[in-house]
Every structure is written in C-alpha cells, then in structure tokens.
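# Here's a sequence, model it:
(chains A and B)
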Amino acid sequence: DQQVKQNSPSLSVQEGRISILNCDYTNSMFDYFLWYKKYPAEGPTFLISISSIKDKNEDGRFTVFLNKSAKHLSLHIVPSQPGDSAVYFCAGSGTYKYIFGTGTRLKVLA
Amino acid sequence: DAGVIQSPRHEVTEMGQEVTLRCKPISGHNSLFWYRQTMMRGLELLIYFNNNVPIDDSGMPEDRFSAKMPNASFSTLKIQPSEPRDSAVYFCASSFELAGNEQFFGPGTRLTVL
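Next up is the predicted model:
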C-alpha cells in the first residue's frame, strides 16, 4: 500500500523555466510533508517542508503547495537551474516515521 | 561534524553469504533510521531506533534481516543469508528527537547480491 505516490518517474525542463513535481498521498494523519533531493552516489538531503495546517511554504526558488482536500502536494522550482537536476522524494510524516514516495528524476536542460 | 557515516559504500557478495552494513549517526542525535531504496518501492523504512532501543521494525522484510544499536554512536544492519532480491541501496539516517525534525542521511551502501 503506497501511502505516498509520485506518479511521474521523470521530468525534463529547460533552464530558467518552472519545474513542477507532484505528489499524492492517502494517509490523512500526516502532519508534515517534506521534500528531499538526492544526487547520484549521495544520500537524500532535506529541501523544504510544510505543515499540514498550511497550504504554502516558500524558500527562495522553492515553493511547496499543499491541497488537503485533494490529498496532493507539489514542489515548484522557479527558475530551474542545471544544478537542480536530481531525484526528488516527497514524504509524509506522522508520529515519527517518514513515508517516502518512489521519487521523480528531474533533468534541467541547459 | 562529518555527518552520518556508512560503511562499506559498496558491497558485492554471493547469495547465501552474511552481509553487515554499518552506520555512525551524527553525534547528539538520538534517533536512527535504516532505509532501503529500490526502483519499485522508493525509500522504505526498515527499522527505527530511539535512544538505542528499536521502536518499530515493522518494515524489516523478513527474519533474514536484523539490526542492532549497541550504543549511541553505532548501528548495524545484518542480512543472513543474503539473496539477490536484497540488492538495493541501504541508507542510514539520524535525527534529534522524533516527529517533524529533519532526518540527515548517510551516503548509502550499494549492495549487490549475485
């Protein structure tokens, strides 16, 4: 049972344009949602999070939107840069666990 | 701080052999997590320790897998006997306390079981 789903395994975007990565979840008990970024041969690193009581959180070029009624969140990267090319994981957090999705590989084309 | 340290970075072994993966969490962190990354299932939580005590091992796939945390600075994940389907990247992560706190991941161990 995949509680967190990232239905797009990959995405390609031109440098300077917007990247939108999507994530759907089924567990209404999550109280935080997080995005992690992973480069090859490295561990995932935290990127941005959002509390379940908010609908938007912004940090520089990165914005996460949460639509609780649709059980959907998205990560917007504007403008996209070649260094953003990585695998992005979304996760829902309950009491102590993170439940991760399968990841979306973003490629930003120069 | 050096971050979460994992060893080995790569392990190639033959089916039936015992495999031991090691992790040193960030000093001062009291929560430690073992994850497995596969293409099909993404990052799966295998087991979670808090203050060196296993709290939730419901993600451990089967009895062939075991994990220990003898002290606050060291943990092992053992697979005995290993099987080809265990091939994956195994990550260790640590955090301070529990929910809502950022988990810091190690670089992972890429395991290949032939």
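# just checking, B:Asp86 touches B:Arg110?
No - using Cβ atoms under 8 Å, B:Asp86 is not in contact with B:Arg110; the gap is 11.8 Å. Yep, even glycine has a C-beta here, placed from its N, CA and C like the rest.
# neighbour count winner among the two?
B:Asp86 (21 against 16; other Cβ atoms under 10 Å in any protein chain shown).
# nearest spatial neighbour of A:Cys90, skipping sequence neighbours?
Closest residue to A:Cys90 in three dimensions, ignoring its sequence neighbours and counting by Cβ to Cβ, 6 or more residues apart in numbering or on different chains: A:Cys23, at 3.6 Å.
# That neighbour touches A:Gln6, doesn't it?
Yes - with contact defined as Cβ under 8 Å, A:Cys23 counts as touching A:Gln6 (5.4 Å).
# any common contacting residues for these two?
Common neighbours of A:Cys23 and A:Gln6, counting by Cβ atoms under 8 Å, 6 or more residues apart in numbering or on different chains, are A:Cys90, A:Gly101.
# Comparing these two, which shows the higher neighbour count?
A:Cys23 (26 against 20).
# How about the secondary structure of that one?
When classified by DSSP: H, G, I helix; E, B strand; the rest coil, A:Cys23 comes out as strand.
# And for the one 10 residues further on?
Three-state assignment for A:Phe33 (three-state DSSP): strand.
# Number of residues surrounding it?
24.
# Okay, it and A:Pro9: tell me how far apart.
According to Cβ to Cβ, to the nearest Å, A:Phe33 stands 20 Å off from A:Pro9.
# what do you get for A:Gly92?
With Cβ to Cβ as the criterion, A:Gly92 and A:Pro9 are 19 Å apart.
# Please say which of those two ends up with more neighbours.
A:Gly92 (25 against 11).
# what about the more buried one, helix or strand, and which?
Taking DSSP states H and E as the criterion, A:Gly92 maps to strand A:86-93.
# How about the contacts made by the residue nearest to A:Cys90?
By Cβ under 8 Å, 6+ apart, the residues touching A:Cys23 are A:Val4, A:Lys5, A:Gln6, A:Phe33, A:His72, A:Leu73, A:Ser74, A:Leu75, A:Cys90, A:Gly101.
# Okay, and the beta partners of the first one?
Right, the one you point to is A:Val4. Here A:Val4 shows beta-bridge partners A:Tyr25, assigned using DSSP bridges.
# That one contacts A:Thr104, doesn't it?
No - judged on Cβ under 8 Å, A:Val4 makes no contact with A:Thr104 at a distance of 11.9 Å.
# who's more crowded, the two?
Applying other Cβ under 10 Å to A:Val4 and A:Thr104 shows that A:Val4 carries more neighbours, namely 24 against 21.
# Name the helix or strand of chain A that has the lowest mean pLDDT.
Within chain A, no helix or strand scores below strand A:98-100, which has a mean of 90 by mean pLDDT, DSSP states H and E.
# orientation of the helix or strand following it relative to strand A:86-93 in degrees?
With elements assigned by DSSP H and E, the helix or strand that comes after strand A:98-100 is strand A:104-109. Here strand A:104-109 points in a direction 150 degrees away from that of strand A:86-93 (axes from the mean of the first three to the mean of the last three Cα atoms, to 10 degrees).
# Identify all contacting residues around strand A:104-109.
A:6, A:8-15, A:19, A:21-22, A:77, A:80-88.
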